[in-house]
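Visitor: need the 3D shape of this:
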Amino acid sequence: MAKVGVLGTGTWAMALSSVLLNKSNEVIMWGRDENQLKGLRKTGKNPKYNLSCTLKGNIKFTNCINDLENVDFLIIAISTQYIRTVLEQLKKLNENTIIINVSKGIEIETFKLVNEIVSDFYPKNEFVVLSGPSHAEEVADKLPTTIVSASLNKNARERVQNLFFCDYLRVYTNEDVIGVELTGALKNIIAIAAGISDGMGYGDNAKAALMTRGLLEIKRLGMKLGAKEMTFEGLTGVGDLIVTCTSKHSRNRRCGILIGEGFSISDAKTKIGMAVEGLSTVKAAYKLGLKHNIYMPIIEAMYKILYENIDINKLVVELMNNVPKSEVEKM
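Guide: Numbering: from 1, shown residues only. Here you go, the predicted model:
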C-alpha cells in the first residue's frame, strides 16, 4: 500500500484517486475551495462536478498543503498556470517522493513544461508524467482506458505503472518525458480548432485535415525541443489527439464549438465551468514557434483567432490557399 498525495480536487484528481482507493492505497487530497472540500468530506463527491465515482475509505481531504510533505507519490492535478504558485507553498517534500504530473500545458511566462517547473523546486525527486487518451468521466465509470507512464528513470516509471495498473486502466511505460508532456499540451490547441470547425459546420473532412496536419505541427515543434519521433505515433500523440478532438467530454473541443457558434472566449469558459488548458497553451506554443522558427500555420491561426480577433472565415481561406506543397516532409 502506498501513501499518495493529490494536488487538486478536479475531475482527473478524483478519477485517479478512485483508482488508487480501489487498489487499497492511502490518499491525501489537497484543495483550496472549502465548499468543495466540505462536499468531499460529507459525500465523497465534489459538488462542482458530476462524476460517478465516490471517494470513500482511506482518504483525507485537506486545505493544509504541508500534509503532503511525506507521501510516497505526489500527483499534480491542477491547471499548469498555477503549478508554480502552489509548489511555492509546499515548502518541504521528501526527496524519495515520486512526483507524478497529470496536467497538460505549458507555462506561459517561461515556456516551461511541467517537468521543468517541478525541477525548479525539487531537482532531486524523480519525475513521471502520466498521460494518454483518457477522460476522467470514463475512468470514473471504470471503462477500459490506456495511458502512459513516462520518466527518464526506469524504476520510477514502472512504480507508477504498477500504482495505477488495474482491470480497466492499462498503463504502458515510456522514457520520452518531453514528447509525452508536449503532445499532451499541444493537442488541446488542435482540439479547440476542431471544435471551432464543428461549431461552424465545416464538416468531417475539415476536422480530419485539422487533426492530421495539426499532429504534424506538434511533431515539428516537439522534435525541435528534443522529443522522440515514435511518441507522436503512440497513445500520447495520435491517441490523445483523437479522443480530445472528437469526444463529448473534451473541454477544449466544447470550448471550440462555442467559439465557432459565435460565443466570446469569456462566455465559452463560463459555460464550460472548468479549466480549458488549450486557451493558455496556444500563447506559449505560438511564441515557441516564433522563437524556434517552426512552421505551424494552424497554431498561428488559432492564436490570431483567440487573441487578435481575426475573422475565422478569413483565416480558413488563407490556410486553404497556402502555397501548394508535398504532404510528406523530412524532420
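Visitor: how about the helices in this protein?
Guide: Counting by DSSP state H, the chain has these helices, from start to end: 11-22, 34-43, 80-89, 114-121, 136-140, 154-164, 177-199, 204-224, 240-246, 251-260, 265-272, 277-292, 297-307, 312-320.
Visitor: reformat these as JSON lines; add mean pLDDT.
Guide: Output for the helices of the chain, formatted as JSON lines (pLDDT from 0 to 100):
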{"stretch": "helix 11-22", "mean pLDDT": "98"}
{"stretch": "helix 34-43", "mean pLDDT": "96"}
{"stretch": "helix 80-89", "mean pLDDT": "96"}
{"stretch": "helix 114-121", "mean pLDDT": "98"}
{"stretch": "helix 136-140", "mean pLDDT": "97"}
{"stretch": "helix 154-164", "mean pLDDT": "99"}
{"stretch": "helix 177-199", "mean pLDDT": "97"}
{"stretch": "helix 204-224", "mean pLDDT": "97"}
{"stretch": "helix 240-246", "mean pLDDT": "97"}
{"stretch": "helix 251-260", "mean pLDDT": "96"}
{"stretch": "helix 265-272", "mean pLDDT": "93"}
{"stretch": "helix 277-292", "mean pLDDT": "96"}
{"stretch": "helix 297-307", "mean pLDDT": "96"}
{"stretch": "helix 312-320", "mean pLDDT": "90"}
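Visitor: need the winner for burial among the ones you listed.
Guide: Stretch with highest mean neighbour count among the helices of the chain: helix 177-199 (a mean of 28; mean count of other C-beta atoms under 10 Å). C-beta here means a position set from N, CA and C on the backbone, and glycine is covered the same way.
Visitor: so what does it touch, helix or strand wise?
Guide: For helix 177-199, the contact count by 3 or more C-beta pairs under 8 Å, 6 or more residues apart in numbering; DSSP states H and E identifies helix 114-121, strand 127-131, strand 145-150, helix 204-224, helix 240-246, helix 251-260, helix 277-292, helix 297-307 as packing neighbours.
Visitor: circling back: of all the helices of the chain, which one is nearest residue 329?
Guide: With C-beta to C-beta, the closest approach to residue 329 among these belongs to helix 204-224: 7.9 Å.
Visitor: alpha carbons only: can I get the closest one in CSV?
Guide: The C-alpha trace of helix 204-224 is given here as CSV (Å, rounded to 0.1, in the frame of the first residue of the first chain):
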residue,chain,number,x,y,z
ASP,A,204,-15.8,15.9,-41.1
ASN,A,205,-13.3,16.5,-44.0
ALA,A,206,-12.1,19.7,-42.5
LYS,A,207,-11.8,18.3,-39.0
ALA,A,208,-9.8,15.3,-40.3
ALA,A,209,-7.4,17.7,-42.0
LEU,A,210,-7.0,19.8,-38.9
MET,A,211,-6.2,16.8,-36.8
THR,A,212,-3.7,15.3,-39.3
ARG,A,213,-1.9,18.5,-40.1
GLY,A,214,-2.2,19.6,-36.5
LEU,A,215,-0.3,16.5,-35.4
LEU,A,216,2.4,17.4,-37.9
GLU,A,217,2.8,20.8,-36.3
ILE,A,218,3.0,19.2,-32.9
LYS,A,219,5.7,16.9,-34.2
ARG,A,220,7.7,19.7,-35.8
LEU,A,221,7.9,21.6,-32.5
GLY,A,222,8.4,18.5,-30.4
MET,A,223,11.3,17.2,-32.5
LYS,A,224,13.0,20.6,-32.2
